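Trainee: Pasting the sequence and the predicted model now:
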Amino acid sequence: MPDPKQSRIPCAGPSITQREIDYTDAVTNCWYAKAGVYHERLEQAVAEYLDVKHVVTTPTGTSAIHLALLALGIGPGDEVIVPELTWIGSSAPITYVGATPVFADVEAEHWCLSAASLEASITPQTRAIVLVDLYGDVPDLAAIRAIADRHGLAIIEDAAQAFGSSWQGRKAGAFGDLGIFSLHGSKTITAGEGGLLVTDRDDLYERACTLRDHGRQLDGTRFFGDFDRYYYHFEIGNKFKMSSMQAALALAQVERAEELVGRKREIFSWYQEELADIEGLHLHVERSGLTNSYWLPAVTIHPKQVVDTLAIMRELEKSHIDIRPLYYPLSSLPPYRETASGLQAQQQNPIAYAESPRGFNLPSNLEMSREDTTRVAEVLRRLFTNSQDFRRKQ
């Protein structure tokens, strides 16, 4: 039986140090002429870390995708392809702009977008691809870029969960026409809440800056021009901005990025050692060429195992261990399942539907200890040893 006195192991959470506390001067100092100081420092630090030209801060990762779609001019009558297994924040903005999400299947080994399914999903109405770096992993970027170029499609790289990951030496988020990150409180780099849009394209950067500030345009100095244009709105835009307090916290975190990513990778290495002897439980590891930031370690229960994944997760919860299930296939959710694209995806995406019930994430909060991973492994070992008590219905 679980020990009721054991502390809870949170699934995700930040590391806050004196650096972050020191930057709380934003609360008292970042007003008037200094209002944008931390934003500019954050955007510069992220641009240098990712080796990209432009960075735009946003209120959330979801709003960053929304802004990316608007900057690309995507709207009614257009289709945007998105992988089945992802957080709905990857697909909801497609609907916000009036376009149609089309759901493509994923690869079983890493749950990211399948290049073959992507190409099979393209129609004359397809305008863009939202590829997702799920749990710090990446899809076949070279194949997806080749497909996009062949069909004239834009790529939005949703790297919300992959800050610090890299593929063949290039940082995640820098492979698309636009990339986005989430700075939610659960992420490796956090602002409590917030997002980032990144791009090397001047045209998309300028469009994003205009559209996130109610259609006001910037001049070459990043500030508004003459006073007669200060409140001049060239078009209808949105209010997609981050506060100075969020920017200050995010800056402190970005300045510690290698430390924080290193800690995530260390936690994952502990799991590799602790879970090696549990038959039927597969821990997803990085492929050759990938450096995974391991936001949340991903595991799959082997299909030959008869254990009920949900029952296993409930037992972990009873042991005060927070667990996150793998996402439902997007096309199975109420907003999409009766749509034409949803109904089609339900028939054409077998891997997503097979993997979804068998996958979950292990805790990887940044305050975890080696003893915490040992405790998680001990509970899993007990559950799989007594798997007859958690058999799924046949």
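Mentor: On my side now, so go ahead. Since the model is a prediction, treat every value here as computed from it, not as a measurement.
Trainee: I'd like the distance between the closest residue to Thr123 other than its chain neighbours and Lys264.
Mentor: Leaving aside its chain neighbours, Thr123 sits nearest to Glu79 (6.1 Å; criterion: Cβ to Cβ, 6 or more residues apart in numbering). (C-beta placed from N, C-alpha, C; glycine too.) Remark: distance between Glu79 and Lys264 (Cβ to Cβ, to the nearest Å) = 35 Å.
Trainee: So which of the two has more stuff around it?
Mentor: Using other Cβ atoms under 10 Å as the criterion, Glu79 and Lys264 rank with Lys264 on top: 25 against 20.
Trainee: gap between the most centrally placed residue in the chain and Glu235?
Mentor: Closest to where the C-alpha atoms of the chain average out (Cα atoms, centre = their mean) is Ala160, at 2.5 Å. Computed as Cβ to Cβ, the Ala160 to Glu235 distance reads 27 Å.
Trainee: before we move on, what about Ala35?
Mentor: Counting by Cβ to Cβ, the gap from Ala35 to Glu235 is 24 Å.
Trainee: who's more crowded, these two?
Mentor: Neighbour totals were compared for Ala35 and Glu235, and Ala35 leads with 13 against 10 (other Cβ under 10 Å).
Trainee: Low-confidence ranges, this protein, go.
Mentor: Residue ranges of the chain with pLDDT under 70: 1-4, 218-229, 387-394.
Trainee: And it, split by domain according to the record?
Mentor: Per automatic domain parsing, the domain ranges recorded for the chain read 18-255, 257-390.
Trainee: returning to what we had before: what's the closest non-adjacent residue to the residue nearest to the centre of the chain?
Mentor: Spatial nearest neighbour of Ala160, chain neighbours left out: Ser182 (3.7 Å); criterion: Cβ to Cβ, 6+ apart.
Trainee: since we're on Pro303, how many residues are nearby?
Mentor: 12.
Trainee: Isn't it up against Ala354?
Mentor: Yes - here Pro303 reaches Ala354: they are 7.5 Å apart, a contact under Cβ atoms under 8 Å.
Trainee: Show me what the helix or strand Cys209 falls within is packed up against.
Mentor: Using DSSP states H and E, Cys209 sits within helix 202-211. Using 3 or more Cβ pairs under 8 Å, 6 or more residues apart in numbering; DSSP states H and E, the elements in contact with helix 202-211 are strand 54-58, helix 61-71, strand 195-199.
Trainee: The longest one vs helix 202-211, what angle?
Mentor: When axes from the mean of the first three to the mean of the last three Cα atoms, to 10 degrees is applied, the directions of helix 61-71 and helix 202-211 differ by 110 degrees.
Trainee: Run through who's touching helix 61-71.
Mentor: Applying Cβ atoms under 8 Å, 6 or more residues apart in numbering, the external contacts of helix 61-71 come out as 56, 58, 80, 89-90, 92-94, 96-97, 99, 128, 130, 156, 158, 160, 178, 180-184, 195-197, 204, 207-208, 211-212, 238, 240.
Trainee: filter these to the buried ones?
Mentor: 56, 58, 80, 89-90, 92-94, 97, 99, 128, 130, 156, 158, 160, 178, 180-184, 195-197, 204, 207-208, 211-212, 238, 240 (16 or more other Cβ atoms under 10 Å).
Trainee: Off-centre distance for the longest helix seen in the chain?
Mentor: In the chain, assigned by DSSP state H, the helix with the most residues is helix 257-275. Distance of helix 257-275 from its chain centroid, counting by Cα atoms, centre = their mean, to the nearest Å, is 18 Å.
Trainee: Buried ones in the helix or strand following it, by neighbour count?
Mentor: Counting by DSSP H and E, the next helix or strand C-terminal to helix 257-275 is strand 281-283. Residues 281-283 are the ones in strand 281-283 that count as buried (16+ other Cβ under 10 Å).
Trainee: Pairing partners for strand 281-283, with directions?
Mentor: Here strand 281-283 has these sheet partners by DSSP bridges: strand 298-301 (antiparallel).
Trainee: sorry, back to before: give the contact list for the residue nearest to the centre of the chain.
Mentor: 61, 87, 89-90, 132-133, 180-182, 184, 187, 195.
Trainee: got a list of what the residue nearest to Thr123 touches?
Mentor: Per Cβ under 8 Å, 6+ apart, neighbours of Glu79: 99-102, 123, 125-127, 341.
Trainee: can you do 6 Å?
Mentor: Applying Cβ atoms under 6 Å, 6 or more residues apart in numbering to Glu79 gives the contacts 100, 102, 125-126.
Trainee: Neighbour-wise, which one of these leads?
Mentor: Val102 (24 neighbours).
Trainee: Just list whatever residues bridge to that one.
Mentor: If you apply DSSP bridges, the partners that Val102 bridges to are Ile81.
Trainee: From what I see, it and Ile122 are in contact.
Mentor: No - the pair Val102 / Ile122 is not scored as a contact, 8.6 Å apart, by Cβ atoms under 6 Å.
Trainee: ok so, going back, okay, the residue nearest to Thr123 and Phe268: tell me how far apart.
Mentor: For Glu79 relative to Phe268 (Cβ to Cβ), the value is 36 Å.
Trainee: now swap in Val379 and tell me
Mentor: 18 Å.
Trainee: and what of Thr374?
Mentor: 14 Å.
Trainee: mind listing what Val198 touches?
Mentor: Here Val198 is in contact with 52, 55, 173, 179 (Cβ under 6 Å, 6+ apart).
Trainee: a markdown table please, covering these and showing distance to Ser293.
Mentor: Below are the contacts of Val198 laid out as a markdown table (distance: Cβ to Cβ, whole Å):
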| residue | distance to Ser293 |
| --- | --- |
| Val52 | 17 |
| Val55 | 18 |
| Gly173 | 11 |
| Gly179 | 14 |
